[in-house]
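Engineer: The sequence and its predicted three-dimensional model are supplied below.
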Amino acid sequence: MSVPLLRRLVLSAAFAAVLAAGLMSGGACAAGTLTYDLKPTRIAPDTYVFEGSTKHFTRANGGNILNSGFIVTADGVIVIQTGPSRRYGEEMRAAIRKVTEKPIRKVFVSNLHPDYWLGNQAFADVPVAALPGTIAGIQEEGNGIAENMYRLVGDWMRGTEVTLPTEPVYGSTVKFGDHQLRLIPLSGHTAADLMILDESTGVLFTGGVVFCDRTPTTPHATVADWLKELDAVDALDIRLLVPNHGHIRPDKACVAQTRDWLTWLDGTLRHAVESGLDMAEALELPIPERFQVLDVLREEYRRSVAHLWPRIEQASLPRVN
């Protein structure tokens, strides 16, 4: 069996498993009124987070697997990520209004993955900012990403349309009221990753660069570059780390955890290729005990094999003319 065909079969099987899980667990929810029941948690002065699940996208959770957030400044509200659907974005705005009557000044989107930007429609009246690479990625892949989310979470997506960020941003420091935000452009988890450090509070919104007790996802990843991103996080002076997926922490323990996983994953797959294993065999390799704290471990490992194996195999095998 050819590697491309096997990869398609693995992806199809993974998709079917996730879809089946959503159908089994989300039937009751789909039959009633759908709501994300978003409740903001105050994590620092003027700073709030909506904490999401650490599972896969399912019809039970409506795609709410992220930690989106907002900062209430003297100059208005800054929103970070808009969520996986129009419904999420609308509920997010309603929840923000319960905290403050101040207008939303700007929205930042950290990368092209669906839970970061598919709620953009709810913020059509304010600037939605992202790195140029993220905007280009959404232009290229946005329709396919949205269609896949419709299949995965069903009715939660009703009315959701691809809505591009409206403002490109670059590495800079911007001030909103009494909060000074450092915009940090990186690449590795995806081709364009935006981290946001509030220098006034020490809160770092890492986007997808750091995962905490949740297995990292790799559909657009270049592991070597991602490891450099983690070095950049280590160099920052922070008080609180907000990953887009997983637990919020007052330290950098999950930077080390993410680095450990990526280093092991990359090294294991390279060794498997060099040892003559095929991808089907690599899918069943044992995972060290220390990673059992990571949620959706085996599922994400298998997805990562499908994502990373073809490139590793191509780079490792000699060309025969």
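Structural biologist: That came through, no problem.

Engineer: Which residues are in contact with E281?
Structural biologist: Going by Cβ atoms under 8 Å, 6 or more residues apart in numbering, E281 touches A272. Placement of C-beta: from N, CA and C, glycine included.

Engineer: That one and G267, how far apart?
Structural biologist: Between E281 and G267 the computed distance is 16 Å (Cβ to Cβ, to the nearest Å).

Engineer: For the residue most central in space within the chain, which non-adjacent residue is closest in space?
Structural biologist: Residue closest to the mean C-alpha point of the chain, counted by Cα atoms, centre = their mean, is G208 at 4.5 Å. Excluding the flanking residues, the one nearest G208 by Cβ to Cβ, 6 or more residues apart in numbering is H189, at 4.4 Å.

Engineer: Spit out the contact partners of the one you found.
Structural biologist: 111, 207-209, 216, 220-221, 226, 229.

Engineer: the longest strand in the chain is where?
Structural biologist: Using DSSP state E to define each element, the chain has its longest strand at strand 203-212.

Engineer: then that strand to CSV, C-alphas only?
Structural biologist: C-alpha atoms of strand 203-212 as CSV (Å, rounded to 0.1, in the frame of the first residue of the first chain):
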residue,chain,number,x,y,z
VAL,A,203,0.0,37.5,31.2
LEU,A,204,1.1,35.7,28.1
PHE,A,205,-1.5,34.4,25.7
THR,A,206,0.5,31.8,23.8
GLY,A,207,-2.1,30.7,21.2
GLY,A,208,-1.1,27.3,20.0
VAL,A,209,2.6,27.5,20.8
VAL,A,210,2.2,25.9,24.2
PHE,A,211,-0.2,23.1,25.2
CYS,A,212,-0.8,22.3,28.9
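
Engineer: so where do the helices sit in the stretch 101-250 of the chain?
Structural biologist: Under the criterion DSSP state H, counting those that start in this stretch, the stretch 101-250 of the chain carries helices at the ranges 114-117, 132-153, 223-234.

Engineer: And the lowest mean pLDDT element among the helices and strands of the chain?
Structural biologist: Least confident helix or strand of the chain, by mean pLDDT, DSSP states H and E, is helix 3-31 with a mean of 40.

Engineer: Helix or strand next in line after that helix, which one?
Structural biologist: Following helix 3-31 in sequence order, the next helix or strand is strand 41-44 (DSSP states H and E).

Engineer: May I have the next helix-or-strand element following that following strand as PDB, with CA atoms only?
Structural biologist: Going down the chain from strand 41-44, the next helix or strand is strand 47-50, by DSSP H and E. Taking C-alpha atoms only, strand 47-50 is exported to PDB below (Å, rounded to 0.1, in the frame of the first residue of the first chain):
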ATOM      1  CA  THR A  47      -8.000  40.100  32.300                       C
ATOM      2  CA  TYR A  48     -10.500  37.300  31.700                       C
ATOM      3  CA  VAL A  49     -10.500  33.800  30.100                       C
ATOM      4  CA  PHE A  50     -13.300  31.500  28.900                       C
END
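
Engineer: Would you mind pulling the contact partners of strand 47-50?
Structural biologist: Applying Cβ under 8 Å, 6+ apart, the external contacts of strand 47-50 come out as 38-43, 67-72, 92, 95, 99, 198, 201, 203, 242, 248.

Engineer: let's go with 6 Å and repeat that
Structural biologist: 38, 40-43, 67-71, 201, 203 (Cβ atoms under 6 Å, 6 or more residues apart in numbering).

Engineer: quick one: low-confidence parts of the stretch 101-250 of the chain?
Structural biologist: The model of the stretch 101-250 of the chain has no residue with pLDDT under 70.

Engineer: can I assume T258 sits in a strand?
Structural biologist: No - the assignment for T258, made by DSSP: H, G, I helix; E, B strand; the rest coil, is helix rather than a strand.

Engineer: How much space separates it from N67?
Structural biologist: Taking Cβ to Cβ as the measure, T258 falls 15 Å from N67.

Engineer: Which one's more surrounded, these two?
Structural biologist: Legend: neighbour count by other Cβ atoms under 10 Å for T258 and N67, higher for T258 (29 against 25).

Engineer: mind listing what that one touches?
Structural biologist: T258 sits next to 210-211, 216 when contact means Cβ under 6 Å, 6+ apart.

Engineer: 10 Å instead?
Structural biologist: Shown in contact with T258 (Cβ atoms under 10 Å, 6 or more residues apart in numbering): 189, 206, 208-212, 214-216, 226-227, 229-230, 233, 243, 246, 252, 294.

Engineer: just to revisit the earlier point, I'd like to know which of the contacts of strand 47-50 are buried.
Structural biologist: Burial by neighbour count, 16 or more other Cβ atoms under 10 Å: within the contacts of strand 47-50 this picks out 38, 40, 43, 67-71, 201, 203.

Engineer: Present those residues as JSON lines; the columns should include distance to I80.
Structural biologist: Converted to JSON lines, the buried ones among the contacts of strand 47-50 look like this (distance: Cβ to Cβ, whole Å):
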{"residue": "L38", "distance to I80": "14"}
{"residue": "P40", "distance to I80": "12"}
{"residue": "I43", "distance to I80": "12"}
{"residue": "N67", "distance to I80": "9"}
{"residue": "S68", "distance to I80": "6"}
{"residue": "G69", "distance to I80": "5"}
{"residue": "F70", "distance to I80": "7"}
{"residue": "I71", "distance to I80": "8"}
{"residue": "T201", "distance to I80": "13"}
{"residue": "V203", "distance to I80": "10"}
